[in-house]
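In: next one to model:
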Amino acid sequence: MQKLRITRLSLAVMCALPLAAGAQQGLQLKSQPTLMLIPPTPKEEVPLFIEADRLQGRQDQETEAAGGVRLRQRGQAVHADRLRYDKPSNEVQAEGNVRMELGSDLIEGARLQYNLQSDRGSMEQPSFTLRKPGEIEGQRQLFRDTDTRGTAERILFDGPSQYRAQNARYTSCGPGDDAWYLRAGDLAIDKDRDVGVAHGASIVFMEVPIFYSPYLSFSLHQGRKSGFITPHYGSTNTGGTEITVPYYWNIAPNRDYTLSPRVMTRRGVLANNEFRYLDPTYSGESLAEILPDDRARDGEQRWAYIVRHRQTLPNGWNGMLNLQRVSDDTYFTDLSTQITSTSQVLVPQEGTIGRVGNWADGAGSYGLSVMAQRWQTLQPDPLAPVTPPYNRLPQLTLNAGRQEVWHSDFDFYGQYVGFEHPTQVNGQRSVAYPSVSLPLQTPYAYVTPKLGVTVTNYSVSQNTAGYTNETRTLPVFSTDTGMVFERPTTFGGAPFLQTLEPRLYYVYIPYHDQSGIPVFDSAQQDINFTTIYSENQFSGWDRINDANQLTFGATSRFLGADNGAELVRVGLAQRYYFSTQRVTLPGEAPRTSNSSDLLAALSGNIAPHWTANAGWQYSTHVSQTQKFNIGTRYQPKPGSVFNASYRENITTPLRQTDISAQWPVFGGWTGLARWNYSLQENRLLEGLIGAEYNANCWALRVVAHRFAITTLQESTTFFLQLELNGISRIGSNPMDALRRNIGGYVRQDPRTPQEPR
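Out: Reported below is the predicted structural model:
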């Protein structure tokens, strides 16, 4: 056999190989179609190229190559010092500085045996770098934040995108950084499903084993997959030391279920079940918790459930169901670790069906809804009793509007409600409020007179409160007018456009004696920049104020001269009364002044990286501040934020300071803090202190959180979480507490250390 000795030679070989069909699996909780790629027929010849310093062999049998060998075939490449290719079996054997490229993956080792047709084989003493499926090739010299790497005694190729490493080390840290790694006797990687499975697995952090499991299944890029999720550890003063071991079942791309047993040393085991689903026409979630034997309450069984469902119905209709219930008054204060839950005292059970649409000619819109609503009222704090609200069984509401009806706009609001209460008067209320308005507008001014009439009918149950069936009819007249002035100006050498926008709002409603009407849902509205321009100072429909009043307000805005973006807004408003008040809520005295409190507000960007907002409510009748709040935020870059605010309310009374921050301190450490303190009660309402460290491929968070749950009770929770990029989060998750307590908080994500997630 004659040998060919050439400085460099390329050989092209045509091979009949079936190409594996690609597959994509959705990893988000949403409905998506399945994409099927049609593979080439087995008869299609795929070219194979071999380049080397020396080539020898027999045609259609074998090829031997040496010296800078490179074998290439659609999406695959093998580099080695020596290589032998057997064409009948499509088998490749290589040794000496072997480097194999499979798509964007890179595997290097001492020796390779690989079948190009079945994508099966093995490599000895490999090191490997695996990239996220679908990422762009061509930058193999860079280790990106979605890459993973490792070493092994041997790696087996078990088919397209299937690897199995024996006695392996696996990490997402960059080359030269082994801050953490997964050590496993057997590690299987399925890139099509984005799943890794390790047997005899240990997680080693800073050369210290911190976790062991005979079986560990994980998502390569933190996608959705079935299996046990890393346990959560924590501690609270109400539950003691806690550990939660969740099991996640990825039923389908649009359905999943999580079972999370929560072991509390002081109370027992609470089983948390969560099922979620999402389809094009419906979605929802169901949560159920049960603590069969609460040791802190003499073995009492405690439970809670939440069922939420949203449904799109034919012909533009939609529905919603929200059913919640707990076993006892202190369920949330005893068992929840979030202030948003511990402060919950009203638990709803409600369902709604509705439709929103436009008229056929496009000249208006309408909305119709039917709702049934019940409440479970909790009494967790004996010093702060909660008044149960009325149940609504049912409530029917119709909103409709048409424009350009004889050059006017026509609106209609209608509602029927059946009110039910265990201790108060029950009854039904019907409301009809048609109105017509005439908008007159120019580029710099507008005037909108409006005339309407409210008709309200009450049918009350037999009771001892003295209420009777009654129909109330009241005309309502209002006029809303305003102007807009503009001028160019400069501030700090920068050009701006300043506006001055005065506004007048007049309302007239005659007096009607309403003392014989029950109060189902009406209350005094808090005065602010929205309610001061409203017709009725009461919420709900059980009280409609007698009005002969004028509201005067003015707003000035500073806009960017180049883009028109609003930078700063300043506003003033006050209401003036031309008659004394006669309609009041039961037990409340009428006002004695001829004007409302004066409102003032400021908000916007007051300096580079600085935003501020302030509000002031001042009684000109008694010459005293009623409410005051001021707040500011400094955020020069994501991950660096400082917030400070103060608020005061004379009538409540209330005086609170609130300071929070997320700020880099040194060497990758970031400090976290919040201090919400009541000066009126000399009491901490909510406090948080902690730190997080970001080291590119891992992050550590240590947080202590304390908040008041009742007048006399407080809850303290400790969080410790180690996040290992690409494999797991170990410990208890403080993210909800951090986002809610620190405005502008940006997660320190180990995948992207300097950018917001």
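In: in the stretch 551-700 of the chain, where is pLDDT below threshold?
Out: For the stretch 551-700 of the chain, no stretch is flagged by pLDDT under 70.
In: tell me which stretches of it form strands.
Out: In the stretch 551-700 of the chain, the strands defined using DSSP state E, counting those that start in this stretch lie at 566-577, 598-607, 610-619, 624-637, 640-649, 654-666, 669-678, 683-694, 698-708.
In: now do the phi/psi pair for the closest residue in space to residue 531 that isn't next to it in sequence.
Out: Closest residue to residue 531 in three dimensions, ignoring its sequence neighbours and counting by Cβ to Cβ, 6 or more residues apart in numbering: residue 525, at 4.6 Å. (Each C-beta comes from the backbone N, C-alpha and C, glycine too.) Backbone torsions of residue 525, given as degrees, to the nearest 10, read phi -80, psi 140.
In: give me every residue that touches residue 525.
Out: By Cβ atoms under 8 Å, 6 or more residues apart in numbering, the contact set of residue 525 is 531, 534, 536, 537, 538, 539.
In: quick check: of those residues, which lies closest to residue 474?
Out: residue 536 (10.1 Å; Cβ to Cβ).
In: pretty sure that closest one sits against residue 542.
Out: No. Contact criterion Cβ atoms under 8 Å: residue 536 and residue 542 do not qualify, at 10.7 Å.
In: so residue 536 lies in a helix, does it not?
Out: No. Residue state for residue 536 (DSSP: H, G, I helix; E, B strand; the rest coil) corresponds to coil; a helix is not indicated.
In: neighbours around it, how many?
Out: 19 (other Cβ atoms under 10 Å).
In: now it: how far from residue 385?
Out: Relative to residue 385, residue 536 is positioned 29 Å away (Cβ to Cβ, to the nearest Å).
In: so which strand or helix has the nearest residue to residue 473 once chain neighbours are set aside?
Out: Nearest residue to residue 473 in three dimensions, chain neighbours excluded: residue 455, at 5.1 Å (Cβ to Cβ, 6+ apart). Element membership for residue 455, per DSSP states H and E: strand 445-460.
In: what does residue 739 give?
Out: helix 735-741.
In: pLDDT of that helix, averaged?
Out: What helix 735-741 shows for mean pLDDT is 89.
In: what helices and strands are in contact with that helix?
Out: If contacts are counted by 3 or more Cβ pairs under 8 Å, 6 or more residues apart in numbering; DSSP states H and E, helix 735-741 sits against strand 683-694, strand 698-708.
In: show me which residues of the longest one are buried.
Out: Read that as strand 683-694. Buried residues in strand 683-694, defined by neighbour count with 16 or more other Cβ atoms under 10 Å: 685, 686, 687, 688, 690, 692, 693, 694.
In: residue 49 contacts residue 72, doesn't it?
Out: Yes. The pair residue 49 / residue 72 is scored as a contact, 4.5 Å apart, by Cβ under 8 Å.
In: of those two, who's got more company?
Out: More neighbours surround residue 72 than the other of residue 49 and residue 72, with 17 against 13 (other Cβ under 10 Å).
In: distance between the host helix or strand of the more buried one and the chain's centre?
Out: Using DSSP H and E, residue 72 maps to strand 62-73. Its chain's C-alpha centre and that of strand 62-73 lie 53 Å apart, by Cα atoms, centre = their mean, to the nearest Å.
In: what packs against that strand?
Out: strand 9-16, strand 45-52, strand 54-58, strand 76-86, strand 91-102.
In: TSV please, covering those and showing distance to residue 159 and mean pLDDT.
Out: Below are these laid out as TSV (distance: least, Cβ to Cβ, whole Å; pLDDT from 0 to 100):
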stretch	distance to residue 159	mean pLDDT
strand 9-16	18	48
strand 45-52	17	84
strand 54-58	28	88
strand 76-86	13	93
strand 91-102	11	93
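In: got JSON lines for those, with distance to residue 405 too?
Out: Output for the helices and strands packed on strand 62-73, formatted as JSON lines (distance: least, Cβ to Cβ, whole Å):
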{"stretch": "strand 9-16", "distance to residue 405": "75"}
{"stretch": "strand 45-52", "distance to residue 405": "71"}
{"stretch": "strand 54-58", "distance to residue 405": "88"}
{"stretch": "strand 76-86", "distance to residue 405": "72"}
{"stretch": "strand 91-102", "distance to residue 405": "70"}
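In: select, out of the ones you listed, the one closest to residue 737.
Out: Taking the helices and strands packed on strand 62-73 one by one with Cβ to Cβ, strand 91-102 is closest: 43.2 Å.
In: which among the contacts of residue 525 end up buried?
Out: The neighbour-count criterion (16+ other Cβ under 10 Å) marks 534, 536, 537, 538 among the contacts of residue 525 as buried.
In: dihedrals phi and psi, the first one?
Out: Same thing as residue 534. Per degrees, to the nearest 10, the backbone of residue 534 is at phi -110, psi 160.
In: so who does it touch?
Out: residue 525.
In: any idea how far it is from residue 527?
Out: From residue 534 to residue 527 the distance is 10 Å (Cβ to Cβ).
In: can you tell which of the helices and strands packed on strand 62-73 is closest to residue 401?
Out: strand 91-102 (62.3 Å).
In: direction included, what does that closest one pair against?
Out: According to DSSP bridges, strand 91-102 has the following sheet partners: strand 76-86 (antiparallel), strand 105-115 (antiparallel).
In: ok, residues contacting the first one?
Out: Counting contacts by Cβ under 8 Å, 6+ apart, the residues outside strand 76-86 that touch it are 13, 48, 50, 52, 57, 61-71, 91-103, 112, 114, 116.
In: let's see that with 7 Å instead.
Out: Contact with strand 76-86 is made by 50, 62-66, 69-71, 92-102, 112, as judged by Cβ atoms under 7 Å, 6 or more residues apart in numbering.
In: for that strand, which positions count as buried?
Out: 76, 78, 79, 80, 81, 82, 83, 84, 85.
In: do the same with the last one
Out: By neighbour count, and taking 16+ other Cβ under 10 Å as the criterion, the buried residues in strand 105-115 are 105, 106, 107, 108, 109, 111, 112, 114.
In: would you reformat these as JSON lines and include pLDDT?
Out: Shown next, in JSON lines, are the buried residues of strand 105-115 (pLDDT from 0 to 100):
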{"residue": "105", "pLDDT": "90"}
{"residue": "106", "pLDDT": "92"}
{"residue": "107", "pLDDT": "94"}
{"residue": "108", "pLDDT": "95"}
{"residue": "109", "pLDDT": "94"}
{"residue": "111", "pLDDT": "94"}
{"residue": "112", "pLDDT": "95"}
{"residue": "114", "pLDDT": "94"}
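In: could you single out the nearest of the residues you listed to residue 709?
Out: For those, the nearest to residue 709 is residue 105 (51.7 Å; Cβ to Cβ).
In: in a helix, residue 163, correct?
Out: No. Counting by three-state DSSP, residue 163 falls outside a helix, being strand.
In: any idea how many residues pack against it?
Out: 25.
In: cool, and residue 653?
Out: Neighbour tally, residue 653, other Cβ under 10 Å: 9.
In: cool, residue 378 as well?
Out: 19.
In: before we move on, what about residue 263?
Out: Neighbours of residue 263 (other Cβ under 10 Å): 16.
In: which of the contacts of strand 76-86 are buried?
Out: Applying 16+ other Cβ under 10 Å to the contacts of strand 76-86 flags 50, 63-66, 69-71, 92-95, 98-102, 112 as buried.
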